[in-house]
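> Could you look at this predicted model? Sequence included:
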Amino acid sequence: MLRRVRVLVPLLAALATSPGSLASADAPEQEAVTFRWEAPTGCPTARTVRARVDALLGGTPIEHRRGPLSVVARVRRAAPGRWSLQVSTMTPGATRVRDLVGPDCSVLAEAAALLAAMAIDPALFDVSQVAGEGAGTRRQEAVVPVPAPAVRTPARPEAPAPAGPEVPVRSPSEAAAPARPVPERGPPRRAASETRGGKAPRLRQRAGAVLGVSVGADYGALPGVAPVLRAWAGAAWPHARLVAAVQYGALRRTRLDGASGRGADLQQVFAAVRGCGVPTASGGRLEIPLCGAFEAGALVGRGVGFAVTRRGALPWLALSLRAGVVGRVHPRLGLGLWIEPWLSLVRATFHTDDATVLWRSRRAGVRGLGGLEVRF
């Protein structure tokens with residue numbers, strides 16, 4: 001008996017190592033499943049995402065799984081605060097592409113791990129549980145909607161991952177057939193009211209009408225400090241004005257000497273075209289108009305105390321600047337204060353017949369005004 005055992009042991013060893021044994025080295029071996037993660041700096045690394053896929057597959061590393069399957073997940077920054085994910089699953093018969101968008105790269109990394117795990121081993125996932133239904137029949141495949149509107153919150157490892165609207169599940173015979181390739185989709189179209197950064201497009205605002213009146217004083221055009229009255233009308237935009245104005249300078253007297261009473265009484269009338277830029281502050285309740293204007297009119301004089309007196313008018317041409325503040329006490333009503341330095345292009349000179357100068361306007365002067373304007 002002992003001799004038989006000694007003979008069988010070498011024989012069994014020889015059979016185990018022979019070409020016809022059950023552990024033959026000539027049996028074909030399937031290719032390993034591959035997974036590739038591509039993402040910019042700041043996103044979870046490939047090692048982190050791969051570890052998450054392994055965890056979803058029950059702890060079995062991807063490299064230990066066999067099958068003609070390749071999964072590629074790519075994340076790109078679509079816009080500030082907006083990321084896009086594309087997951088491609090490739091088999092010898094077909095390629096499937098899924099697109100997702102979300103506000104955070106880590107959220108899309110979790111979604112990519114879930115999609116990769118579902119593609120590698122669909123039998124591990126119960127679609128009814130993911131969709132929030134009660135325990136029911138195990139489904140063989142769950143298709144994530146393409147594209148999803150946004151991924152709002154990251155799925156926690158210990159909780160079921162959220163899913164979009166339920167998609168009809170194919171039967172086992174349909175699941176065995178190769179999936180038809182899905183064409184790659186471009187970025188989702190934006191709504192008509194959406195622009196870059198989530199801001200609504202600016203609407204072109206029409207011009208409104210503006211009327212105004214002001215009173216003040218002028219120094220330089222007439223003798224002394226002359227009271228002035230001004231009215232204007234024109235077009236107004238939120239940050240611009242274009243108006244036409246008329247100004248009257250009240251009568252001022254100039255005399256050669258106090259005893260004789262000889263001299264002249266002078267007044268001023270002119271029209272102006274003014275353009276303004278209007279920066280605003282305090283939410284539009286405070287306006288700061290900055291203007292430039294061209295003025296054309298006349299200085300009107302009448303001789304006083306002479307044997308023969310005459311009335312005459314001399315041209316007034318000037319350029320002026322304007323700065324001020326206007327407070328909006330009502331959307332249609334504003335109260336303002338303005339200061340206007342001006343430069344005369346033609347100096348008006350009034351004199352007697354013997355060339356004695358009665359008054360000569362200054363080369364430059366300044367005005368101060370206060371008033372109100374009404375917008376329509």
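That came in fine, so what should we check first?

> helix or strand right after the helix-or-strand element of the chain with minimal mean pLDDT?
Within the chain, confidence by mean pLDDT, DSSP states H and E is lowest for helix 2-16 among all helices and strands, at a mean of 39. Downstream of helix 2-16, the next assigned helix or strand under DSSP states H and E is strand 34-38.

> on contacts alone, who are the packing partners of that next one?
Strand 34-38 sits against helix 46-56, strand 70-79, helix 105-120, with contacts defined as 3 or more C-beta pairs under 8 Å, 6 or more residues apart in numbering; DSSP states H and E. No exception for glycine: its C-beta is placed from N, CA and C like everyone else's.

> Go again with 6 Å.
Here strand 34-38 touches strand 70-79, going by 3 or more C-beta pairs under 6 Å, 6 or more residues apart in numbering; DSSP states H and E.

> Report the buried residues of the strand it packs on.
Counting neighbours by 16 or more other C-beta atoms under 10 Å, one finds that the buried residues in strand 70-79 are 70-73, 75.

> Turn the residues you listed into JSON lines, including pLDDT and distance to Phe35.
Below are the buried residues of strand 70-79 laid out as JSON lines (pLDDT from 0 to 100; distance: C-beta to C-beta, whole Å):
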{"residue": "Ser70", "pLDDT": "86", "distance to Phe35": "8"}
{"residue": "Val71", "pLDDT": "88", "distance to Phe35": "5"}
{"residue": "Val72", "pLDDT": "91", "distance to Phe35": "8"}
{"residue": "Ala73", "pLDDT": "91", "distance to Phe35": "8"}
{"residue": "Val75", "pLDDT": "90", "distance to Phe35": "14"}
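
> any low-confidence regions in this protein?
Counting by pLDDT under 70, the chain contains low-confidence residues at 1-31, 63-67, 124-205, 258-259.

> Would you mind giving the domain segments of it?
The record's domain split for the chain, according to automatic domain parsing, is 28-184, 208-375.

> residue ranges for the helices of the stretch 151-300 of the chain, please.
Listed in chain order, the helices of the stretch 151-300 of the chain (DSSP state H, counting those that start in this stretch) span 172-176.

> Scan the protein for its longest strand.
The single longest strand within the chain, with elements called by DSSP state E, is strand 311-330.

> That one pairs with which strands, and in what direction?
Using DSSP bridges, strand 311-330 pairs in its sheet with strand 286-287 (antiparallel), strand 290-304 (antiparallel), strand 333-344 (antiparallel).

> Out of these, which gets nearest to Leu242?
Nearest to Leu242, of all the strands paired with strand 311-330, is strand 290-304, at 9.9 Å by C-beta to C-beta.

> residues in contact with that closest one?
Outside strand 290-304, the residues that touch it by C-beta atoms under 6 Å, 6 or more residues apart in numbering are 263-270, 272-274, 276-277, 309-318, 320-323, 348, 350.

> Thank you kindly, that will do.
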